[in-house]
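Participant: Pasting the sequence and the predicted model now:
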Amino acid sequence: MCPPACLLDMPELPEVEVTRRGIEPYVAGRRVQRVDVRNFALRWPVPATLARELEQRVIHKVERRGKYLLFELDDGWLIVHLGMTGTLRVLRNLPALPPAARHDHIDWIFDEFVMRFRDPRRFGAVLWHPRASGGVLEHPLLASLGVEPFSSAFSGTLLHRRTRGRTVSIKQALMAGDIVVGVGNIYASESLFRAGIRPSTPAGRVSLPRYELLADAIRATLAAAIDKGGSTLRDFVGSNGESGYFQLDYFVYDRAGLPCHACGVPIRHIVQGQRSTYYCTRCQR
DNA sequence: AGTTCCTCCTGCGGGC
DNA sequence: TGCCCGCAGGAGGAAC
């Protein structure tokens, strides 16, 4: 069972979006003075040229695609994925800048603040995509991603169409990221509860009306999490080294054996694709 | 093409 | 108290 502290360290789309909103006002339009890479061994090696590409260059804006953060510069994009335990923080109190701790792998040093990447488990990634290689969405990691859940392209119809003939469970199909992005392990369980769909149902056997409910449930779940994060945004951008991640009151996630908030039946825990799933045996059929 | 399995890494908790 | 072991997880990539 995942201990509570672990839950605070799992960035899904809402956490990534809240991070983007937290740092964008600081870095947009600002010039990177220096880049300090202390550990190049993330999920993929940090490019040896990272400092050379970024130093003395201006970051124009910060966008998000799925769970990837995209920092646009003149000559290319800095791509950051937070993995499981990654955080990006803005440290403004330079005279009292905390010394880099064991898992503080990269600092981007600006005139008036430092942006620091911490990632204890190093499942995160920090990459560079030169403009000469095309738009950032052509990057191999981004090119085949599914649609954004808040875009007009995302709908029950899309979920229905893209799952015809698929035998994989609906929960695993949601998490795969090739149909819709940003629905990780926690919010997959939560969204399926809201939609009243059993996570083990083969994706190809979920009806269109139920997919319409699911699309709404996914948007509602993610939006609620982003709102919650927005209300605690100040905790993200501070001078201390705390995580700052937020946590919704989950309907089912990590609540094995506890009563369903809707009907009181104990929440069940199963494993799908080596990942924990939680659901209500009465509310989800 | 679709599905399943493996892998990276560290912190935490259980068992002794 | 301390040590060893096993597990969790995002998601790409290999193997069917």
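Facilitator: Structure received.

Participant: Strands along the stretch 151-285 of chain A, start to end?
Facilitator: A:267-272, A:275-280 (DSSP state E, counting those that start in this stretch).

Participant: mind giving me the domain ranges of chain A?
Facilitator: A:13-138, A:156-280 (the TED database).

Participant: In a markdown table, list those domains along with mean neighbour count.
Facilitator: The way it works is simple: take the backbone N, C-alpha and C, and place the C-beta from them, glycine included. Output for those, formatted as a markdown table (neighbours: other CB atoms under 10 Å):
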| stretch | mean neighbour count |
| --- | --- |
| domain A:13-138 | 18 |
| domain A:156-280 | 18 |
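
Participant: Turn the ones you listed into JSON lines, columns for mean pLDDT and distance to residue A:144.
Facilitator: Converted to JSON lines, the domains of chain A look like this (pLDDT from 0 to 100; distance: least, CB to CB, whole Å):
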{"stretch": "domain A:13-138", "mean pLDDT": "95", "distance to residue A:144": "10"}
{"stretch": "domain A:156-280", "mean pLDDT": "87", "distance to residue A:144": "6"}
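
Participant: Any chance of JSON lines for these, columns distance to DNA strand B?
Facilitator: Compiled in JSON lines, the domains of chain A are given as follows (distance: least, CB to the nearest atom of the strand, whole Å):
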{"stretch": "domain A:13-138", "distance to DNA strand B": "4"}
{"stretch": "domain A:156-280", "distance to DNA strand B": "3"}
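
Participant: Looking at these, which is nearest to residue A:147?
Facilitator: In terms of CB to CB, the element of the domains of chain A nearest to residue A:147 is domain A:156-280, at 5.7 Å.

Participant: First-to-last residue distance for stretch A:118-130?
Facilitator: Criterion CA to CA, to the nearest Å; first-to-last residue distance in stretch A:118-130 is 24 Å.

Participant: what's the spacing between it and its chain's center?
Facilitator: Remark: stretch A:118-130 is offset 13 Å from the chain centroid, using CA atoms, centre = their mean, to the nearest Å.

Participant: Kindly report the same for stretch A:150-170.
Facilitator: With CA atoms, centre = their mean, you get 20 Å for stretch A:150-170.

Participant: Quick one: end-to-end distance for that stretch.
Facilitator: Termini of stretch A:150-170 sit 19 Å apart (CA to CA).

Participant: Not counting it itself, show me its contacts.
Facilitator: A:147-148, A:173, A:176, A:179-180, A:192, A:197, A:199-204, A:206-216, A:218-219, A:222-223, A:272-273 (CB atoms under 8 Å, 6 or more residues apart in numbering).

Participant: Equivalent analysis for stretch A:73-80, please.
Facilitator: A:50, A:53-54, A:57-60, A:68-71, A:86, A:88, A:117, A:124-133, A:136, A:139, A:141-142.

Participant: repeat for stretch A:26-41
Facilitator: By CB under 8 Å, 6+ apart, stretch A:26-41 touches A:46, A:48, A:50-51, A:54-62, A:71, A:90, A:100, A:104-111, A:113, A:115, A:122, A:237.
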